[in-house]
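Asks: Got a predicted structure here, sequence first:
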Amino acid sequence: MGNGQWRGTWLRQIALAIGYAIIYEAQHPFSAPQFFLGSAVRLICLLFVPYRYWAALAVGEAIPNWLVVYPCLDQLGAAWVAVRAIPPIVVVMPAVWWCRSRLALFPTDRLTDIKALLVCILASSLAWTGYSYLALNLAIIQPGDAHPRPIMALGYFTGNYFAILALVPWALIARFEYRIGQWREKLRRAWESRLVLEGWVIMLPAAALLGFFVYRHDKDYQELILGAMFLPVALLTLQHGWRGAAFGGTIAIICAAIVVPSQWQDASATVIQAELFLAGTITALFALGAQISSHKMRERQQLQDALSIQKLARQSYQQGELRQRQIAQTLEHVASTLYVSYGRLLQQRRHISSVVDDESHYLQAISAHKQLHLLAERLHPMAWRERGLPAALNDTVGGALDEAGIAYSCKIVGRGFTRAQPAVLSAAYRAACEAIVYVSTQVACSSIQLTLRGGETNDARWIFVGVEGLIDETKVANVILDTRERQRLAAKLGASGLDLGELHDHVCLFDGEVHHRTGRQRFSVTVLLHDPQKTGRRRDLTSAAGRLWVQ
């Protein structure tokens, strides 16, 4: 078993070395001095391949690299060959190891620290620039060849930096999306996303303008447009965070690579300065986009936490309503049982007590039964349990207001509320009772009109409750006489006597709103409740793109 594991490890090392050598050779035709594709490929491999396979990567690059370098021994000299024989991937291994291990480039499997990533990109680009420029200075200069200039080092730096900055972020996005799975669905959603649409709308005109000046061979405007390519990238960054910077920055870098001459000695200092300015601004936009994405991520997390708390509160509210319903049913059963048992007891003791005593005990039995029934009605009306919310609003609420001397009318519009969740219906009934009690205590109203409307808008169900109290000056005396009954109204309806602020907190469980309006002869309170079953659009915000850690 040990020999099998050892053999399997070596086979994986050899396979990785051969595979990397093939990739190394395949990228050469697409690599150019102004866009070193090989540098991006090397860094991507070092970022994602485990440390135990780094030796295989070095071997996979050393062999093809030596086959290219050794034939130049007579032309460029032994010093150049000695430096260039070192595989370029080995040069940056210490920097990448330090960023991965010490700077925690990947805090978890699904998170990436953009700040550490930018440090890694900069360190790798500087290391390869020093490596290339050192080899260039050690080469034997042939008659007629130009001597190395410092501007060539800047050219090497921008060539490395541009390629890495253009490709590495996309490798990170692909790595993250691969861990989540469902590639086809994610590719479809990515293609239909606003980032892709706005990216092409913003970046294509800028690239076309740059291409026009390149075609016209107008060097001055070419350098100006090259330096101004960061403006559309900034727009995408402000809209979409660091992924917008990656999308726009890739297009801007590719355009810059096309504009810059393929030979550094042909590039002017102004063009190199424009490239350096573009590289610096895109880096700054990556950092800015990271902060924007981090802020959005925190907002989504806070929204998710708030939605979770709200969901728990709704569940607790519904469980409380169910308990009240069960208690009300139990009280009704106890009241009926008590009434029957008391009646049997009175019938059995008729021969030993007077008629007056029997009548007194009978009245006590009726009073006890009535008190238990009223207590059950306050907790959960029987009309609601047996015939639904409209019956409770018409019968239970109407009976309580009639006893208080308040005229009452109930208007129910639409049937949308019939498909709402039980918790929303419970909240609508409680909100109606609280609003009625509040209106009756605020003004000496002689009549109350209740409106219940249910509907559905944009796949979201809602319930509207409106309570309007009307004042009739001719019935003020009756209102004063019924003051005691009005004071008992809250107890009869099972209301807590909430004010508008407390009522607003109550309906916030269902994303509700409370409004009130005061007139000369009327006072109204309106409540709007939303069915949480159809509020998926707010939850979709929590699963939007841009989920990488960017602190």
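Replies: Sure, I can see it.

Asks: name the helices or strands packed onto the one helix or strand G60 maps to?
Replies: Using DSSP states H and E, G60 maps to helix 54-69. Secondary-structure packing of helix 54-69 (3 or more CB pairs under 8 Å, 6 or more residues apart in numbering; DSSP states H and E): helix 2-26, helix 37-48, helix 78-84, helix 88-91. Placement of C-beta: from N, CA and C, glycine included.

Asks: Quick check: mean pLDDT of the last one?
Replies: Throughout helix 88-91, pLDDT has a mean value of 94.

Asks: Next: the first one.
Replies: What helix 2-26 shows for mean pLDDT is 81.

Asks: got it, and stretch 391-409?
Replies: Averaging pLDDT along stretch 391-409 yields 83.

Asks: What's the end-to-end length of that stretch?
Replies: End-to-end distance for stretch 391-409: 13 Å, by CA to CA, to the nearest Å.

Asks: buried set for that stretch?
Replies: Under the neighbour-count criterion of 16 or more other CB atoms under 10 Å, stretch 391-409 has 392-401, 404, 406, 408 buried.

Asks: any low-confidence regions in the stretch 101-250 of the chain?
Replies: 141-149, 177-192, 210-223, 226 (pLDDT under 70).

Asks: Now stretch 65-74: buried residues?
Replies: 65, 69.

Asks: then the strand or helix carrying A490 to PDB, C-alphas only?
Replies: A490 belongs to helix 489-493 when assigned by DSSP H and E. Output of helix 489-493 as PDB, limited to C-alpha atoms (Å, rounded to 0.1, in the frame of the first residue of the first chain):
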ATOM      1  CA  LEU A 489     -63.500  47.900  24.100                       C
ATOM      2  CA  ALA A 490     -59.800  46.900  24.100                       C
ATOM      3  CA  ALA A 491     -60.500  44.000  26.500                       C
ATOM      4  CA  LYS A 492     -63.400  42.800  24.400                       C
ATOM      5  CA  LEU A 493     -61.300  42.800  21.200                       C
END
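
Asks: what about the helices and strands packed on helix 54-69, which gets the closest to A163?
Replies: When the helices and strands packed on helix 54-69 are compared by CB to CB, helix 37-48 sits nearest A163, at 4.3 Å.

Asks: That closest one packs against which elements?
Replies: Short answer (3+ CB pairs under 8 Å, 6+ apart): helix 37-48 packs on helix 2-26, helix 54-69, helix 88-91, helix 93-101, helix 114-138, helix 150-180.

Asks: Can you tell me which of those is nearest to W462?
Replies: Taking CB to CB, helix 150-180 is the member of the helices and strands packed on helix 37-48 nearest to W462, at 33.9 Å.

Asks: can you pull the contacts of the closest residue to I202 other than its chain neighbours?
Replies: Closest residue to I202 apart from its sequence neighbours, by CB to CB, 6 or more residues apart in numbering: P232 at 4.5 Å. By CB atoms under 8 Å, 6 or more residues apart in numbering, P232 lies in contact with 202-203, 206, 248, 252.

Asks: which one among these gets closest to R484?
Replies: I202 (71.4 Å).

Asks: what does stretch 117-125 rub up against?
Replies: 39, 43, 47, 92, 95-96, 98-100, 103, 105, 157, 160-161, 164-165, 168-169, 172, 283, 286-287.

Asks: Sort out which residues of the host helix or strand of the residue nearest to I202 are buried, please.
Replies: Assigned by DSSP H and E, P232 belongs to helix 230-259. Residues 230, 232-237, 239-253, 255-257, 259 are the ones in helix 230-259 that count as buried (16+ other CB under 10 Å).

Asks: Next secondary structure after that helix?
Replies: Next element after helix 230-259 (DSSP H and E): helix 269-348.

Asks: Now do that following helix and helix 114-138, the angle between them.
Replies: Per axes from the mean of the first three to the mean of the last three CA atoms, to 10 degrees, the angle that helix 269-348 makes with helix 114-138 is 160 degrees.

Asks: could I get the buried residues of stretch 391-409 as CSV with secondary structure?
Replies: What follows is those, written out as CSV (DSSP: H, G, I helix; E, B strand; the rest coil):
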residue, secondary structure
A392, helix
L393, helix
N394, helix
D395, helix
T396, helix
V397, helix
G398, helix
G399, helix
A400, helix
L401, helix
A404, coil
I406, coil
Y408, strand
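
Asks: ok so, going back, name the next helix or strand downstream of the helix holding G60, please.
Replies: As assigned by DSSP H and E, the chain's next helix or strand after helix 54-69 is helix 73-76.

Asks: Only alpha carbons, please: show that next one as PDB.
Replies: The C-alpha coordinates for helix 73-76 follow below in PDB (Å, rounded to 0.1, in the frame of the first residue of the first chain):
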ATOM      1  CA  LEU A  73      25.100  30.600 -25.900                       C
ATOM      2  CA  ASP A  74      27.400  31.700 -28.800                       C
ATOM      3  CA  GLN A  75      25.300  34.700 -29.700                       C
ATOM      4  CA  LEU A  76      24.500  36.200 -26.200                       C
END
